[in-house]
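Asks: coordinates only, sequence not included:
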């Protein structure tokens, strides 16, 4: 349970000494929230962040990390992700290329086979064996990439379901009743619904397009190129529509809730100042300072949630990007020498992986918008 925002300490009274509260008082409030806010469900996800961030690895718990973010954001996250992309991307690219080298070699052999062997049963048998080997290798790589992206989207949705209620509670704790009751649950519901739509509709559609791409590369008798193109274009439109709908929903709901909270807070502060002539200013100053401490802690929790989600989804995204580049490179290298079906299949799978990459990025972007709207909702109370 959070400490009531209009109290100072456990007694629920305002100190008798006059004068505004200092930065130490705000830091004390942040410490109280850090000790009393239960974020134990975040710990397993915070371990993901500690794996790639040296700064986060220095904290024993996510509460301590959030407290450090609230008190000194630059010191807590300085250079957290400065070398992460290079550390994940370059090894991932080398791994993807090493897997694609045998596939490219087999594809080149199909071209040599067409030169060496005359038309006949032997040539067809050798080509069939080589093409089947290349397709099996490509299918294994694609299945691995698709599985990682699908798992990343599931993990991101799971963490969003844990983080959004906690941020909503912090928002309510600082007195933003309208935002806590209207904005946070609606945005969380919308983000979770769209993420479920992406997992249940868009990703299976892209997996089906990958299967059709492989089948299209097996034989010339089965033409599925337009079916693959239809699935790709439909997935693009669905992702764009989902993003546009969510953005419009978030902006429309956020502006109204934030304005309502700002008006109610200023009205309450004005009433206290006028109705309590002797101590109204002191009570209002105490309320402002305590709300400011909660605001800093809430914003730090939001920033931490974005960093954790980035850590959850970053490695699969880098793996998908590396796989996409490897497919493109293999298609470019094998095109002059191999059977024409193999480069076409590699290009089609690269397009599918790029759309899987976009789907995962959409989930991350929606949650980031949710957190930013929650942060903005509380900040307007001090505008």
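Replies: That came in fine, so what should we check first? Keep in mind the model is a prediction, meaning the values are calculated, not measured.

Asks: any regions of the chain where pLDDT drops low?
Replies: Counting by pLDDT under 70, the low-confidence segments of the chain come to 1-23, 73-93, 110-124, 126-128, 173-188, 219-221, 251-292, 378-383.

Asks: show me where it has its helices.
Replies: Counting by DSSP state H, the chain has helices at residues 23-36, 43-52, 54-57, 62-71, 73-77, 84-116, 121-173, 177-178, 184-197, 203-218, 225-275, 280-334, 341-379.

Asks: deepest in the core, which of those helices is it.
Replies: Per-stretch averages of neighbours, counted by mean count of other CB atoms under 10 Å, single out helix 62-71 among the helices of the chain, with a mean of 24. Placement of C-beta: from N, CA and C, glycine included.

Asks: by contact count, what packs against it?
Replies: In terms of contacts (3 or more CB pairs under 8 Å, 6 or more residues apart in numbering; DSSP states H and E), helix 62-71 is packed against helix 23-36, helix 43-52, helix 73-77, helix 280-334.

Asks: what's the closest of these to residue 98?
Replies: helix 280-334 (8.9 Å; CB to CB).

Asks: what's the closest one packed up against?
Replies: For helix 280-334, the packing partners by 3+ CB pairs under 8 Å, 6+ apart come out as helix 23-36, helix 43-52, helix 62-71, helix 73-77, helix 84-116, helix 121-173, helix 225-275, helix 341-379.

Asks: hmm, back to that, could I get the helices and strands packed on helix 62-71 as TSV with distance to residue 129?
Replies: Conversion of the helices and strands packed on helix 62-71 to TSV gives the following (distance: least, CB to CB, whole Å):
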stretch	distance to residue 129
helix 23-36	64
helix 43-52	43
helix 73-77	54
helix 280-334	17
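
Asks: residue 100: which of these is closest?
Replies: Judged by CB to CB, the one of the helices and strands packed on helix 62-71 that comes nearest to residue 100 is helix 280-334, at 4.5 Å.

Asks: pretty sure residue 61 sits against residue 43.
Replies: Yes. In terms of CB atoms under 8 Å, residue 61 counts as a neighbour of residue 43; the distance is 6.7 Å.

Asks: joint contacts of those two?
Replies: Counting by CB atoms under 8 Å, 6 or more residues apart in numbering, residue 61 and residue 43 have no common neighbour.

Asks: re the thing from before, including distance to residue 298, could the helices and strands packed on helix 280-334 go into TSV?
Replies: Putting the helices and strands packed on helix 280-334 into TSV (distance: least, CB to CB, whole Å) gives the following:
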stretch	distance to residue 298
helix 23-36	9
helix 43-52	17
helix 62-71	9
helix 73-77	13
helix 84-116	26
helix 121-173	4
helix 225-275	13
helix 341-379	6
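
Asks: nearest to residue 308, out of these?
Replies: Residue 308 lies closest to helix 43-52 among the helices and strands packed on helix 280-334, at 4.9 Å (CB to CB).

Asks: relative to helix 280-334, how tilted is the closest one?
Replies: 60 degrees (axes from the mean of the first three to the mean of the last three CA atoms, to 10 degrees).

Asks: return the residues in contact with the closest residue to residue 69 other than its chain neighbours.
Replies: Sequence neighbours aside, residue 300 is the residue nearest to residue 69 in space, at 3.7 Å (criterion: CB to CB, 6 or more residues apart in numbering). Each residue near residue 300 by CB under 8 Å, 6+ apart is listed here: 66, 67, 69, 70, 73.

Asks: what does residue 330 give?
Replies: The neighbourhood of residue 330, defined by CB under 8 Å, 6+ apart, consists of 100, 103, 104, 107, 346.

Asks: swap in residue 166?
Replies: 37, 39, 41, 42, 301.

Asks: thanks a lot, catch you later.
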